[in-house]
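K.L.:
following is a predicted model, sequence given first.
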Amino acid sequence: MSDQNDDAVPVTPRRMPKAPIEEIGGRKLKPSTLMMGHGYDPVLSEGSLKPPIFLTSTFAFEDAAAGKRHFEGITGKRPGGADGLVYSRFNGPNQEILEDRLSIWDEAEDALVFSSGMSAIATVLLTNVNQGDVVVHSGPLYAATETLINKILGRFGVTFLDFPAGASPDEVSALLEQAKTQAAENGGKVAIIYLESPANPTNALVDIEGVTNARNTVFGEDGAPPIAIDNTFLGPLWQQPLKHGADIVIYSLTKYVGGHSDLVAGGVLGSKAHMDPIRAIRNTIGTICDPNTAWMLMRSLETLELRMTRAGENAEKVCAFLRDHPKVEGLGYLGFISDASQQDIYDRHCSGAGSTFSVFIKGGEAQAFAFLDALKIAKLAVSLGGTETLASLPAAMTHLSVPDDRRAALGITDNLVRISIGVEDPDDLIADFEQALKTV
């Protein structure tokens, strides 16, 4: 650090000597602009244009009183977490700058980052669930999420009820009433309503507003369980669930936010009231994102809008080709919705169709394997949201652990191929899919 005058503000990497620029001439700056520097002042780090990577595990306190004050926040005696840097299991400069920027997209009051999407999901559930409680969730979910809710939490006396992604508000209300009864019998409560929309891998949409209204009708304002939603498939560019009634938004930052298939991380956003207890659990079990990954995510946020926009445009062109192909029997793409109720949800909740979709190859597993094995540009891999196009067969890969009867009920068939479109030339991608379909 540069030499400071005795009367200068003590320099720590998280403090801003001046308020960050959020508007110019009365114009509120857009997220894509704020991603270039929000939450960071180069003056605090020797003029470095980009934040350095702070690999330190622990931070020195200005004085003993500051140490006490920080630990009051860490231990929950005072809400909001520490107001200074303490220890990298709790906070760090890179993580805090990332959290500031991440919250901008969803207009969230607060954000937390985690070591993976599943560590984010697990921390949210552990924060809200106790023995005897009931979890209500939409289906299908990411397979590891279902395993966590149905099997792991079940070992500790937690039960669950689920409804299909396209369920009506009346159907959700009936299930919530059933969950209240079940929870009372177990000596617990309905702990959380957990959604995933669009659903993985069918792309079925959940009516967030409808679930919120059903929740409020059944529980009223007092004691209502929070609504958490995995927004990985569309967020934060194409869907912002906090604006439609959700309380907690969860991301696998590995996907679109990271966007380069070179990191693993998770994020949770919402009000400070919901984030404070989640932060306390994260402090205890140590599921925070590491500083190097946080730095890489800040890099990726700068191009998030560009990457997602290009991928979305590519997906629309590719799906227009696939929709009428004789060896394709259906598409799960939000740009071509045939169901009126799903279209209504899309119109109310979404600003774009995304770039991840499902394509149903005529035939079964053998035909789907032939298609996947013939791809040349698209990579056979199970993630999504990267700059490269990826394809996989969920029934044989990501959802293989889901029981056969449940997979069938959720529409995860042996011929459902999940595709995540990247930023390549769309005509090249179409040529690749065309030659691969010839092998089916």
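P.N.:
Perfect, thanks for sending it.
K.L.:
tell me how many other residues surround Val394.
P.N.:
Quick fix: residue 394 reads Pro, not Val. Using other C-beta atoms under 10 Å, Pro394 has 25 other residues around it. Just so you know, the C-beta spots here come from the backbone N, C-alpha and C atoms, and that holds for glycine as well.
K.L.:
residues in contact with it?
P.N.:
Asn200, Pro201, Ile412, Leu416, Arg418 (C-beta atoms under 8 Å, 6 or more residues apart in numbering).
K.L.:
excluding sequence neighbours, find me the nearest residue to it.
P.N.:
Leaving aside its sequence neighbours, Pro394 sits nearest to Pro201 (C-beta to C-beta, 6 or more residues apart in numbering; 4.4 Å).
K.L.:
and what of Ile419?
P.N.:
Ile419 sits nearest to Ala391 (C-beta to C-beta, 6+ apart), 4.9 Å away.
K.L.:
the helix or strand where that neighbour lies pairs with which strands?
P.N.:
Ala391 belongs to strand 390-392 when assigned by DSSP states H and E. Within its sheet, strand 390-392 is paired with strand 379-380 (parallel), strand 416-420 (antiparallel), according to DSSP bridges.
K.L.:
burial measure for the closest residue to Gly76 other than its chain neighbours, as a count.
P.N.:
Leaving aside its chain neighbours, Gly76 sits nearest to Ala280 (5.0 Å; criterion: C-beta to C-beta, 6+ apart). Using other C-beta under 10 Å, the number of residues around Ala280 comes to 17.
K.L.:
list the buried ones in the longest helix anywhere in the chain?
P.N.:
Counting residues, the longest helix in the chain under DSSP state H turns out to be helix 304-323. By neighbour count on 16 or more other C-beta atoms under 10 Å, the buried set for helix 304-323 is 304-305, 307-312, 314-316, 318-319, 321-322.
K.L.:
helix, strand, or coil at the residue nearest to Gly76?
P.N.:
helix (DSSP: H, G, I helix; E, B strand; the rest coil).
K.L.:
test my guess that it contacts Lys77.
P.N.:
No - using C-beta atoms under 8 Å, Ala280 is not in contact with Lys77; the gap is 10.6 Å.
K.L.:
which element follows the strand holding Ala391 toward the C-terminus?
P.N.:
Counting by DSSP H and E, the next helix or strand C-terminal to strand 390-392 is helix 404-410.
K.L.:
which residues touch that following helix?
P.N.:
With C-beta under 8 Å, 6+ apart as the test, helix 404-410 has contacts from Gly139, Pro140, Pro164, Ala199, Thr202, Ala395, His399, Val402, Thr413.
K.L.:
hang on, the earlier thing: nearest to Lys28 among the buried residues of helix 304-323?
P.N.:
Closest approach between those and Lys28, by C-beta to C-beta: Glu305, at 15.9 Å.
K.L.:
excluding chain neighbours, what is closest to the closest one?
P.N.:
Ser32 (4.6 Å).
K.L.:
report the buried residues of the helix or strand where the one you found lies.
P.N.:
For Ser32, the element it lies in under DSSP H and E is helix 31-34. With burial defined by 16+ other C-beta under 10 Å, the residues of helix 31-34 counted as buried are Pro31, Ser32, Leu34.
K.L.:
so which other helices or strands are in contact with that helix?
P.N.:
helix 93-106, helix 304-323 (3 or more C-beta pairs under 8 Å, 6 or more residues apart in numbering; DSSP states H and E).
K.L.:
for the first one, which outside residues touch it?
P.N.:
Under the contact criterion C-beta under 8 Å, 6+ apart, helix 93-106 has outside partners 13-14, 31, 34-35, 38-40, 51, 53-54, 85, 108-113, 235-237, 240-242, 249, 253, 257, 267, 269, 288-289, 291-292, 294-295, 297-298, 301, 304.
K.L.:
could you give the angle of it to helix 304-323?
P.N.:
If you take axes from the mean of the first three to the mean of the last three C-alpha atoms, to 10 degrees, helix 93-106 sits at 50 degrees to helix 304-323.
K.L.:
ranges for the strands of this structure?
P.N.:
Under the criterion DSSP state E, the chain contains strands at 23-24, 27-28, 110-114, 134-139, 159-164, 190-196, 227-230, 248-252, 266-270, 328-332, 356-361, 379-380, 390-392, 416-420.
K.L.:
now those strands in a markdown table, with distance to Gly210 and mean neighbour count?
P.N.:
Formatted as a markdown table, the strands of the chain follow (distance: least, C-beta to C-beta, whole Å; neighbours: other C-beta atoms under 10 Å):
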| stretch | distance to Gly210 | mean neighbour count |
| --- | --- | --- |
| strand 23-24 | 35 | 8 |
| strand 27-28 | 30 | 8 |
| strand 110-114 | 26 | 25 |
| strand 134-139 | 11 | 24 |
| strand 159-164 | 11 | 18 |
| strand 190-196 | 11 | 25 |
| strand 227-230 | 11 | 26 |
| strand 248-252 | 17 | 27 |
| strand 266-270 | 20 | 28 |
| strand 328-332 | 20 | 19 |
| strand 356-361 | 23 | 25 |
| strand 379-380 | 37 | 14 |
| strand 390-392 | 30 | 23 |
| strand 416-420 | 26 | 25 |
